[in-house]
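Novice: quick one: sequence plus predicted model below, questions after.
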Number of protein chains: 2
Amino acid sequence: MKIFNSETRVKILALLYGREFCDFNYIREKLNLTSGNLEHHLNILKKADLIEEKKTFYNNRIRTIIKITDKGKEEFKKFLNEIIYLSGEKNVN
Amino acid sequence: MKIFNSETRVKILALLYGREFCDFNYIREKLNLTSGNLEHHLNILKKADLIEEKKTFYNNRIRTIIKITDKGKEEFKKFLNEIIYLSGEKNVN
């Protein structure tokens, strides 16, 4: 499974890249995904060690928190910088 | 066929985005693709009107020139800026 052969996975990683963590529902709403679709892509990203998932309690409800791993940051940055480099734009840090 | 569900197509568009045109062999070598693989992706991009292809003569040989269309520039910029926006980085122009 090639991670970046999915616009949705690229966008999930982008969203997580700039944030300490994201709530499952926040990602779902922000990227306009169904829960099933988001779960599918999160599972692929988890298996590749690019993200971590934690269940916490918040207002007596289970809350799913998703965090990008160092490997995830690395891979996403590499992907983004390669595209930017190819297009002749300046790199991001 | 979702255009951006392929890392290779994203990179082809990135390469063409910053250049007036590219030679078929230049793209193939730059992205380390086989001719068959590159042709496959170029056909998808052509059908979506994101690129144009021209055959010219150069040193008595047929040379294939690929150019991104205005629609291609638009779609690529939209894709790239959305990723950059989601990741919290600054947009490219």
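Specialist: Looks like it came in fine.
Novice: make it CA atoms for all contacts and neighbour counts henceforth
Specialist: Noted.
Novice: any buried residues in the helix or strand harbouring residue A:84, and which?
Specialist: In this assignment (DSSP states H and E), residue A:84 forms part of helix A:70-86. By 16 or more other C-alpha atoms under 10 Å in any protein chain shown, the buried positions in helix A:70-86 come out as A:72-73, A:75-77, A:79-86.
Novice: tell me, which of those residues make contact with chain B?
Specialist: Counting by C-alpha under 8 Å from any C-alpha of the partner chain, A:83, A:84, A:86 from those sit close to chain B.
Novice: of these, closest to residue A:12?
Specialist: Closest approach to residue A:12 among those (C-alpha to C-alpha): residue A:83, at 17.0 Å.
Novice: that closest one and residue B:11 touch, don't they?
Specialist: Yes. With contact defined as C-alpha atoms under 8 Å, residue A:83 counts as touching residue B:11 (6.0 Å).
Novice: if we can go back for a sec, now the helix holding residue A:84: average pLDDT?
Specialist: Throughout helix A:70-86, pLDDT has a mean value of 95.
Novice: what angle separates that helix from helix B:70-86?
Specialist: Comparing the axes of helix A:70-86 and helix B:70-86 via axes from the mean of the first three to the mean of the last three C-alpha atoms, to 10 degrees yields an angle of 150 degrees.
Novice: so, low pLDDT: which residues of chain A?
Specialist: A:1, A:89-93 (pLDDT under 70).
Novice: centroid residue for it?
Specialist: Centroid-nearest residue in chain A: residue A:13, 2.6 Å away (criterion: C-alpha atoms, centre = their mean).
Novice: before we move on, the earlier item: turn the buried residues of helix A:70-86 into a markdown table, including distance to residue A:28.
Specialist: Converted to a markdown table, the buried residues of helix A:70-86 look like this (distance: C-alpha to C-alpha, whole Å):
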| residue | distance to residue A:28 |
| --- | --- |
| A:72 | 19 |
| A:73 | 20 |
| A:75 | 22 |
| A:76 | 19 |
| A:77 | 22 |
| A:79 | 23 |
| A:80 | 22 |
| A:81 | 25 |
| A:82 | 27 |
| A:83 | 25 |
| A:84 | 26 |
| A:85 | 30 |
| A:86 | 30 |
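Novice: now do the SS call for the residue nearest to the centre of chain A.
Specialist: State at residue A:13, reduced to three classes by DSSP: H, G, I helix; E, B strand; the rest coil: helix.
Novice: if I read this right, it contacts residue A:69, doesn't it?
Specialist: No. Counting by C-alpha under 8 Å, residue A:69 is not a contact partner of residue A:13; they are 10.1 Å apart.
Novice: write out the residues of chain A neighbouring chain B.
Specialist: Within chain A, the residues that sit near chain B (C-alpha under 8 Å from any C-alpha) are A:4-7, A:10-11, A:14-19, A:83-84, A:86-89, A:92.
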